[in-house]
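S.K.: Structural data only, the sequence is not supplied:
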């Protein structure tokens with residue numbers, strides 16, 4: 001048995017010989033978990049932002065029981081639920097960039113040889129999917145993410161944005177505006193946008209930093225670790241005042257109203273960190289256009305500043321869901337209570353809560369504070385909010 005396996009080079013495109021195939025199959029079957037740990041170390045840093053770069057798409061033959069979504073991490077295939085119960089065989093999808101298709105193929109072959117995996121699909125973001133073998137059976141290529149890049153004319157210029165629609169089925173669908181977090185547009189935002197869309201929505205993800213087109217891309221862990229980068233981040237966040245948030249949202253709403261694949265004229269909104277503040281701001285500024293809004297680890301929602309969102313909730317007609325982070329200096333217990341009072345006095349249907357033990361950034365996969373349990377709780381709350389709100393507007 002291999003004691004300390006060293007990851008082999010990604011397989012070449014030519015068909016290997018029978019002996020080589022048998023040896024590799026034996027090697028992978030005997031590889032301990034620490035081998036998979038070392039796979040993660042081979043990935044380019046930006047690859048690690050792809051929602052853990054490995055996601056369970058579905059369980060076969062049945063979905064996981066409520067509250068027991070299977071966990072797959074960079075360490076290894078999650079062979080058990082968090083409570084220790086054995087999983088059913090799963091169907092996996094590997095996501096990566098066009099620069100690393102051979103590594104994706106290698107990973108796919110590795111996981112296809114594990115006993116608790118039924119099918120493996122590979123998808124190169126921004127490129128075509130690739131067929132792989134799983135258990136000797138051809139696997140259909142994973143289709144391209146149904147993502148469309150668009151340009152939205154705003155008061156202040158051209159805003160790049162991405163439209164996501166469900167992978168299956170035809171519209172029209174209820175429209176949802178996805179307000180990004182402070183780290184900006186990146187793979188993690190696209191992944192979250194698609195997951196939301198697959199719940200039955202047309203999702204619009206705008207680049208709220210379009211006024212600074214030449215800015216450098218941000219990697220959350222790096223920004224958090226370097227004071228100079230944190231300072232630059234705060235300048236970007238601070239540059240979006242209430243006036244700009246409202247002007248931008250007006251353009252986003254107009255964009256959705258003109259699309260034939262959007263159902264109805266009232267929309268949903270969700271936002272993270274900075275985006276959570278904007279989501280609540282949008283609901284107050286356009287009460288007739290939003291049926292449901294959510295904020296996750298949003299900051300400065302109920303401060304003593306004149307632009308605080310809680311000061312503008314009196315006309316909100318949307319259902320409001322706010323989930324704050326535990327110990328978040330930007331959304332304290334005092335802010336929570338102040339926001340709840342304002343919403344109650346305005347007669348707004350709402351839930352405002354703190355996710356105990358979940359730190360700021362808990363819902364976003366590439367943020368160091370990502371909390372898998374809190375993230376799943378956030379998805380359940382978000383889908384529940386939109387399902388109920390849009391059912392009431394039908």
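M.R.: The structure has been received and is ready for your questions. Because the structure is predicted, anything quoted here is derived from the model rather than measured. Numbers count the residues shown, from 1 in each chain.
S.K.: care to break the protein down by domain?
M.R.: Following automatic domain parsing, one gets these domains for the chain: 18-139, 147-393.
S.K.: Wait, residue 209 touches residue 215, no?
M.R.: Yes. In terms of C-beta atoms under 8 Å, residue 209 counts as a neighbour of residue 215; the distance is 6.2 Å. C-beta: built from backbone N, CA, C; applies to glycine.
S.K.: tell me, what's touching these two both at once?
M.R.: Taking C-beta atoms under 8 Å, 6 or more residues apart in numbering as the contact rule, residue 209 and residue 215 both touch 184, 236.
S.K.: More neighbours: which of the two?
M.R.: residue 209 (20 against 13; other C-beta atoms under 10 Å).
S.K.: how about low-confidence regions in the stretch 251-394 of the chain?
M.R.: Within the stretch 251-394 of the chain, not a single segment meets pLDDT under 70.
S.K.: Quick one: neighbours of residue 304, just the number.
M.R.: Look at residue 304: counted by other C-beta under 10 Å, it has 8 neighbours.
S.K.: Let me fix that, I meant to ask about residue 157.
M.R.: Under the neighbour criterion other C-beta under 10 Å, residue 157 is assigned a count of 11.
S.K.: Equivalent analysis for the one 5 residues further on, please.
M.R.: Burial of residue 162, expressed as a neighbour count using other C-beta under 10 Å, amounts to 20.
S.K.: what do you get for residue 314?
M.R.: Every residue meeting other C-beta under 10 Å relative to residue 314 is counted, giving 13.
S.K.: Now do the phi/psi pair for it.
M.R.: phi -60, psi -30 (degrees, to the nearest 10).
S.K.: neighbours around the nearest residue to it once chain neighbours are set aside, how many?
M.R.: The spatially closest residue to residue 314, leaving aside those adjacent along the chain, is residue 346, at 4.5 Å (C-beta to C-beta, 6 or more residues apart in numbering). As a burial measure, residue 346 scores 16 neighbours (other C-beta under 10 Å).
S.K.: Same question for residue 150.
M.R.: Residues within reach of residue 150, counting by other C-beta under 10 Å, total 13.
S.K.: Show me what the strand or helix carrying residue 380 packs onto, helices and strands only.
M.R.: Residue 380 belongs to helix 372-393 when elements are defined using DSSP states H and E. Counting contacts by 3 or more C-beta pairs under 8 Å, 6 or more residues apart in numbering; DSSP states H and E, helix 372-393 is packed against strand 173-179, strand 262-272, strand 290-296, strand 319-325, strand 350-355.
S.K.: ok, 7 Å please
M.R.: Counting contacts by 3 or more C-beta pairs under 7 Å, 6 or more residues apart in numbering; DSSP states H and E, the secondary-structure elements packed against helix 372-393 are strand 262-272, strand 290-296, strand 319-325.
S.K.: what comes up buried for stretch 354-362?
M.R.: Using 16 or more other C-beta atoms under 10 Å as the burial criterion, the residues of stretch 354-362 that qualify are 354, 355, 358, 359, 360, 361, 362.
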